[in-house]
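Colleague: turn this into a structure:
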Amino acid sequence: QVQLRETGGGLVQAGGSLRLSCAASERTDSSASMAWFRQAPGKGRVFVAAITWSGDNTNYATSVKGRFAISTDHAKNTVYLQMNSLKPEDTAVYYCAAAVVPGGAYLYWGQGTQVTVSS
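Modeller: Presented below is the predicted three-dimensional model:
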């Protein structure tokens, strides 16, 4: 059972930056993915970014490409999401998710952290 805990959310003005952290109780396979999803009010949960624990592979949603960066810290079993040039449409609850095998489904989820971007 992998436990995930997100921190770093908050209120920021448009154009500002935030860094989200996701601390995992353990690392899974080095080729398995960790990901960030987000859910805006009244909408479904959507993919934001993903990375393998090895850091070899990253993937981003088109809407955040060039503004957000996902990274890992093996020593801390932590995944980060650096968010720059934030827009009001980035407002959402951000969730961290973990797969346990390469290409596998995201089986474990954190409780979410609120990000609010004011215009």
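Colleague: of all residues in this structure, which one is nearest the centre?
Modeller: Trp36 (2.7 Å; Cα atoms, centre = their mean).
Colleague: and Thr62, that one's in a strand?
Modeller: No: counting by DSSP: H, G, I helix; E, B strand; the rest coil, Thr62 is not found in a strand; it is coil.
Colleague: give the contact list for the nearest residue to Ser31 once chain neighbours are set aside.
Modeller: Closest residue in space to Ser31, ignoring its immediate chain neighbours: Pro102 at 4.0 Å, by Cβ to Cβ, 6 or more residues apart in numbering. No exception for glycine: its C-beta is placed from N, CA and C like everyone else's. Counting by Cβ atoms under 8 Å, 6 or more residues apart in numbering, Pro102 makes contact with Asp29, Ser31, Ala32, Ser33, Thr52.
Colleague: which other helices and strands contact the helix or strand harbouring Tyr95?
Modeller: If you go by DSSP states H and E, Tyr95 is part of strand 92-99. Applying 3 or more Cβ pairs under 8 Å, 6 or more residues apart in numbering; DSSP states H and E, one finds that strand 92-99 contacts strand 4-7, strand 18-24, strand 33-39, strand 106-109, strand 113-118.
Colleague: which neighbours in the sheet does the next helix or strand after the first one have, and how are they oriented?
Modeller: Okay, so that is strand 4-7. With elements assigned by DSSP H and E, the helix or strand that comes after strand 4-7 is strand 10-13. Here strand 10-13 has these sheet partners by DSSP bridges: strand 113-118 (parallel).
Colleague: can you list the buried residues in the partner strand?
Modeller: By neighbour count on 16 or more other Cβ atoms under 10 Å, the buried set for strand 113-118 is Thr113, Val115, Val117.
Colleague: same list, those residues, but as JSON lines with distance to Leu18 and pLDDT please.
Modeller: Output for the buried residues of strand 113-118, formatted as JSON lines (distance: Cβ to Cβ, whole Å; pLDDT from 0 to 100):
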{"residue": "Thr113", "distance to Leu18": "10", "pLDDT": "97"}
{"residue": "Val115", "distance to Leu18": "6", "pLDDT": "98"}
{"residue": "Val117", "distance to Leu18": "9", "pLDDT": "98"}
